[in-house]
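Asks: 3D, please:
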Amino acid sequence: MNGLLRRHRFLIARRITQGLTLVLFFGGSAWGWTILTGNLSAAKVLNAVPLTDPYAVLQILATGNVVQAEALTGALIVLLFFGVIAGRAFCGWVCPVNMVTDAAGWLRRKVNHEAAGVGARISRNTRYGVLGLSLLLSPILGVAAFEWISPVSMLHRGIIFGMGFGWLVILALFLFDLLAVRNGFCGHACPLGGFYALVGRYSLLRVRHDKDHCTVCMQCTEICPENQVLGMVGKENALVLSGECINCGKCIEACDDNAMAFGIRYFSGNK
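Replies: Have a look, this model is predicted:
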């Protein structure tokens, strides 16, 4: 049992974090809890500390609308946390869509779609194109363009307030990741992921690779949802410096050689 818990320690921690976030938001809506109120776009902690999605604020600013000082403060807090400390951890530790795409990825590996030649390929840079497009469309449409159709907001608000036809969108996303593109939405198409990849480019929390322990089994690259960031595996002692890493810890769990671990940038020999 201890071995199983260790093998999935970051997965368990991520699911607890994601689940607890949803429970607290639900409690705020249904039972008047004040620990965490609102939603992933705009929230408050203990009715005092604002937390705002900086990408949503950026889209609103693009429309020419005025953003309240409290929302700007909340966006700055979130930017500082992920930009300075956690990197793109929002995608792996907070976003509810991650649970859907992880499930699709697990099932995809079980049926071995890649070996069967099933699937398509799109560039991971697509997310940056969608990011730019959302900022271009926001002033034209007069609304935060991605927020209007975001599966992230749709799933989160649906769990809290009721899904309706939103389940069809989530099912489509699951099938897209399962049948079309491996890690298709989060790893290729989601502009929010692209935004946090840019924001977290110089953050402190990093995955560290130890070449001296590595047997080049490549289990880490097999499981990693952003395996393009692991180019150093088997080659050098290095930190994963790409902002596209979501700090999910899957590569650490998969490594039986203890060659992967979390480290702190600027204190682990790499900048």
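Asks: okay, CA-based contacts and neighbour counts for the rest of this
Replies: Noted.
Asks: now for the most centrally placed residue in the chain: which residues touch it?
Replies: Closest residue to the average C-alpha location of the chain: residue 91 at 1.0 Å, with CA atoms, centre = their mean. Residues near residue 91 by CA atoms under 8 Å, 6 or more residues apart in numbering: 98, 186, 193, 246.
Asks: please identify the helix or strand for residue 243.
Replies: Using DSSP states H and E, residue 243 falls within no helix or strand.
Asks: identify the residues contacting the residue nearest to it when sequence neighbours are not counted.
Replies: Distances taken as CA to CA, 6 or more residues apart in numbering place residue 201 nearest to residue 243, at 4.0 Å, with adjacent residues excluded. Neighbouring residues of residue 201 by CA under 8 Å, 6+ apart: 83, 87, 241, 242, 243, 244.
Asks: what about residue 201, which SS state?
Replies: coil (DSSP: H, G, I helix; E, B strand; the rest coil).
Asks: next one: residue 248
Replies: coil.
Asks: state the distance from it to residue 26.
Replies: 24 Å (CA to CA, to the nearest Å).
Asks: make sure residue 50 is indeed in a strand.
Replies: Yes: the assignment for residue 50 by three-state DSSP puts it in a strand.
Asks: give me the neighbour count for it.
Replies: When neighbours are defined as other CA atoms under 10 Å, residue 50 has 22 of them.
Asks: in terms of contact, does it touch residue 43 like I think?
Replies: Yes: counting by CA atoms under 8 Å, residue 50 sits close enough to residue 43 to count as a contact (5.9 Å).
Asks: and the closest residue to residue 238 other than its chain neighbours, what are its phi and psi?
Replies: Counting by CA to CA, 6+ apart, residue 238 lies nearest to residue 209, which is 5.4 Å off, once chain neighbours are set aside. Dihedral angles of residue 209 (phi, psi; degrees, to the nearest 10) stand at phi -110, psi 130.
Asks: likewise for residue 38?
Replies: Residue torsions, per degrees, to the nearest 10, at residue 38 are phi 100, psi -140.
Asks: that one and residue 52: what is the separation?
Replies: 10 Å.
Asks: so for the two, which residue has more residues nearby?
Replies: Taking other CA under 10 Å, residue 38 and residue 52 do not tie; residue 52 has more neighbours (24 against 21).
Asks: check contacts around the more buried one.
Replies: 40, 41, 42, 43, 71, 72, 73, 74, 75, 78.
Asks: residue 50 too?
Replies: 42, 43, 44, 70, 71, 73, 74.
Asks: just the pLDDT for residue 122.
Replies: pLDDT, residue 122: 88.
Asks: skip the chain neighbours and tell me the closest residue to it.
Replies: Using CA to CA, 6+ apart, the nearest residue to residue 122 is residue 188, at 7.1 Å.
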